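J.: build the 3D model from these lines:
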Amino acid sequence: MEELQFYPPKGKNFLLLLMCLVFIALGFLMCIVAFSDGDYVISALGAVTGVFFSFIFPILVKSLLAAKPYLILTKEELITSAATKNPIPIEWKDIRGYNLIKVNGSKIVEIILEDEEKYRHQMTTTTRWLNKLNDAMNFSPFAIALGQIKRNDRDKLVNELDKRTFGEDLNTEEV
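T.: Here you go, the predicted model:
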């Protein structure tokens, strides 16, 4: 089996970057206008919005400029978060299966592991903290956002997951 790399869609991420800039501008504009009107609660809300999206902006720029894959499938493992400082390699033998789920209109591949704790320690502290939401909603902490895979590669990904997880080559419906 060959190594396969799946990249994020540049166009979609560019639109997210533009939206982030709009929220930064609107947040700080809201802060200034509300402050001049004496509405300090709304002013603080605008400042928090602007600051929040200001922190997200460089992350989006970095991901847009980086030529790193979002996901890598090798003969031995599935590597999630491949473009980050802490990629998580998951051995195929530890994957029981996966579920295709839809959450708020987004399609997600939920990876089901024999022992999640074996891989949970590889997550960053922030990721572990954010995944507590997944635990509360009964979702696997190991998931692949299909929206972060180029549209024309999504069927190929699902087919490869079938092959590498179950040893099956299925012609899946369009994902």
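J.: show me where the chain has strands.
T.: Under the criterion DSSP state E, the chain contains strands at 4-6, 71-73, 77-80, 88-91, 95-103, 106-113, 143-145.
J.: helices or strands up against the first one?
T.: Read that as strand 4-6. Judged by 3 or more C-beta pairs under 8 Å, 6 or more residues apart in numbering; DSSP states H and E, strand 4-6 is in contact with strand 71-73, helix 154-166. The way it works is simple: take the backbone N, C-alpha and C, and place the C-beta from them, glycine included.
J.: coming back round to it: how about JSON lines for the strands of the chain, with distance to residue 38 and mean neighbour count added?
T.: Below are those laid out as JSON lines (distance: least, C-beta to C-beta, whole Å; neighbours: other C-beta atoms under 10 Å):
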{"stretch": "strand 4-6", "distance to residue 38": "51", "mean neighbour count": "16"}
{"stretch": "strand 71-73", "distance to residue 38": "50", "mean neighbour count": "21"}
{"stretch": "strand 77-80", "distance to residue 38": "49", "mean neighbour count": "20"}
{"stretch": "strand 88-91", "distance to residue 38": "49", "mean neighbour count": "16"}
{"stretch": "strand 95-103", "distance to residue 38": "41", "mean neighbour count": "14"}
{"stretch": "strand 106-113", "distance to residue 38": "40", "mean neighbour count": "18"}
{"stretch": "strand 143-145", "distance to residue 38": "42", "mean neighbour count": "19"}
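J.: need those strands in CSV (columns: mean pLDDT).
T.: Formatted as CSV, these follow (pLDDT from 0 to 100):
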stretch, mean pLDDT
strand 4-6, 90
strand 71-73, 90
strand 77-80, 88
strand 88-91, 89
strand 95-103, 87
strand 106-113, 87
strand 143-145, 85
